[in-house]
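Visitor: below is the sequence, then the predicted model.
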Amino acid sequence: MEDHQLVERSRAGDVAAFEELVKRHQARAYAIAYRLLGNREDAQEAAQDAFARAYFALAGFRGTAQFRTWLYRIVVNLSTDLLRRRKPEVSTEDAAIQPVDGRANPGEDLDRRELRQRVSAAVEALPPDLKTVILLREFEGMSYAEIARVIRRPIGTVMSRLFHARQRLQQSLRMS
Amino acid sequence: MMGHRRYRRALDAYVDGELSDAELTRVQAHLAGCGTCSRELQHLEELRGLLRQAHEESAAEAAPALWPGVRARIARGRPPRSFMAWIRGIWEASWERPRLSLAGALVTAFLVLSTGYWMWEAPVVTPPVHTVAVEPGEEGVDVQAIDPEEGVSAMVLTTSGEGLKVIWVVAQGQL
């Protein structure tokens, strides 16, 4: 059964149909929240809240967007709201203790685990708007058009945010 | 013809595979002759590699079963909306209903302009002035002088018949 059919059934009060939608989209919804928030507990809360909000908002869902795009938008909004309320825990300075020499193979110079931690710290230190687009692009593999639909901004804004996010990451990791 | 700065910006779209065929051809031609942009492209590709390595662990993070928690939230009923969520709801609704948002913008513009015009053109209303002759000591006329604080004097004249009360306040010699 297609998503839009499950949406119609859910809207008519069929909770089992909505359960099917949750099971179908929970992996990616959780992954987006996890990458934005960085821990399991917050990600689970945000993803569950997003599904519940989607359920209560089904009456207003016009179906012009795909259900999953609409759902991811709710996940992103809830997660970025939570991020903005948090105090920043990691500074870009912390992420840039040692420069990464991008011209050599960095994996040969640094322990892979340490490298992962430093890159993760640099991503963590990005402002929520920049972090969202870089995560949706790099880890969710979304196209510019998909990202634009999720964050409800023009494609030009997506491109601009990606540019600035990458610039900041390069500066944090001292790659340029 | 794109300037160098715009080529730099186009590199992101290049590594993301988001350029049209014509743009791709132009960027490739520029890269062939521009060492700065070629190095920048290399850095961008290395950054992407680092990001993917860094998130191998999170990619492997299995999603927990969300349905029990979702079902419990649904059973609790619709959560109250915060003011910001309410504003966002209006904002987001306007994205899906461009005609509605255009109508809203026109109505708002009309209200702002008509209110501004009314405020600009509204006549200044002067309240009617009645002169009432009273004398201190006259029956029904009471005059009191009080000093509420240092440097400030006040005089209150009250007429019972006219329902009139006049207060003078004199502060530091100013009426």
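Guide: The structure has been received and is ready for your questions. Numbering: from 1, shown residues only, chains lettered A, B, ... in the order given.

Visitor: from here on, contacts and neighbour counts on C-alpha atoms
Guide: Noted.

Visitor: got the CA coordinates for stretch B:101-109 in PDB?
Guide: Below are the C-alpha coordinates for stretch B:101-109, written out as PDB (Å, rounded to 0.1, in the frame of the first residue of the first chain):
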ATOM      1  CA  SER B 101      -0.600  34.000   1.600                       C
ATOM      2  CA  LEU B 102      -0.800  36.400  -1.300                       C
ATOM      3  CA  ALA B 103      -4.400  37.300  -0.200                       C
ATOM      4  CA  GLY B 104      -3.200  37.700   3.400                       C
ATOM      5  CA  ALA B 105      -0.400  40.000   2.300                       C
ATOM      6  CA  LEU B 106      -2.800  42.100   0.200                       C
ATOM      7  CA  VAL B 107      -5.300  42.400   3.200                       C
ATOM      8  CA  THR B 108      -2.400  43.300   5.500                       C
ATOM      9  CA  ALA B 109      -1.100  45.900   3.100                       C
END
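
Visitor: so it, near chain A or not?
Guide: No: applying CA under 8 Å from any CA of the partner chain, one finds that stretch B:101-109 is not in contact with chain A, the shortest distance being 14.8 Å.

Visitor: repeat for stretch B:71-81
Guide: Yes: Stretch B:71-81 comes into contact with chain A (CA under 8 Å from any CA), by way of B:Arg71, B:Arg73, B:Ile74, B:Arg78, B:Pro79.

Visitor: dump these to TSV, plus neighbour count, secondary structure and pLDDT.
Guide: TSV is the format used below for the residues of stretch B:71-81 next to chain A (neighbours: other CA atoms under 10 Å in any protein chain shown; DSSP: H, G, I helix; E, B strand; the rest coil; pLDDT from 0 to 100):
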residue	neighbour count	secondary structure	pLDDT
B:Arg71	17	helix	92
B:Arg73	18	helix	92
B:Ile74	18	helix	91
B:Arg78	13	coil	79
B:Pro79	12	coil	70
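
Visitor: so who does the residue of chain B found nearest chain A touch?
Guide: Relative to chain A, the nearest point of chain B is B:Ala54 (4.0 Å; CA to the nearest CA). With CA atoms under 8 Å, 6 or more residues apart in numbering or on different chains as the criterion, the residues that contact B:Ala54 are A:Leu115, A:Arg116, A:Gln117, A:Val119, A:Ser120.

Visitor: tally of neighbours for the fourth one?
Guide: Read that as A:Val119. The local packing count at A:Val119 equals 25, with neighbours defined by other CA atoms under 10 Å in any protein chain shown.

Visitor: and it, how far is that from B:His43?
Guide: With the distance defined as CA to CA, to the nearest Å, A:Val119 ends up 14 Å from B:His43.

Visitor: for the first one, same thing?
Guide: Here the criterion is CA to CA. By it, A:Leu115 lies 16 Å from B:His43.

Visitor: neighbour count for those two, which is higher?
Guide: Each of A:Leu115 and B:His43 had its neighbours counted (other CA under 10 Å), and the higher figure belongs to A:Leu115 (22 against 19).

Visitor: domain ranges for the chain, per the record?
Guide: Chain wasn't specified; assuming chain A. The record assigns chain A these domain ranges, following automatic domain parsing: A:1-87, A:89-176.

Visitor: can you look at chain B instead?
Guide: Annotated domains of chain B cover B:2-58, B:81-121, B:122-175 [automatic domain parsing].

Visitor: pLDDT wise, what is the residue of chain B closest to chain A at?
Guide: At B:Ala54, the pLDDT value in this model is 75.

Visitor: try B:Val129
Guide: Model confidence at B:Val129, given as pLDDT, is 58.

Visitor: next one: A:Leu21
Guide: We have a pLDDT of 94 for A:Leu21.

Visitor: same thing with A:Ser91?
Guide: In this prediction, A:Ser91 carries a pLDDT score of 44.

Visitor: repeat that for the one 3 residues further on.
Guide: For A:Asp94, the pLDDT comes out at 44.

Visitor: kindly report the same for B:Asp142.
Guide: At B:Asp142, the pLDDT value in this model is 71.

Visitor: got it, and the one 4 residues further on?
Guide: In this prediction, B:Ile146 carries a pLDDT score of 69.

Visitor: same thing with A:Thr132?
Guide: pLDDT, A:Thr132: 94.

Visitor: residues in chain A within reach of chain B, list them.
Guide: By the criterion of CA under 8 Å from any CA, the positions of chain A lying close to chain B are A:19, A:22-23, A:26-27, A:30-31, A:34-35, A:44, A:47-49, A:51-53, A:55-56, A:64, A:102-103, A:115-117, A:119-120, A:138-139, A:143-144, A:152, A:159, A:162-163, A:166, A:169-170, A:175-176.

Visitor: one more time with 7 Å, if that's ok
Guide: Of all the residues in chain A, those in contact range of chain B (CA under 7 Å from any CA of the partner chain) are A:19, A:22, A:26-27, A:30, A:48, A:51-52, A:56, A:102, A:116-117, A:119-120, A:163, A:175.

Visitor: from those, which one has the minimum pLDDT?
Guide: A:Gly102 (47).

Visitor: lowest confidence element among the helices and strands of chain B?
Guide: Taking mean pLDDT, DSSP states H and E as the measure, helix B:56-59 is the helix or strand of chain B with the lowest mean score, a mean of 61.
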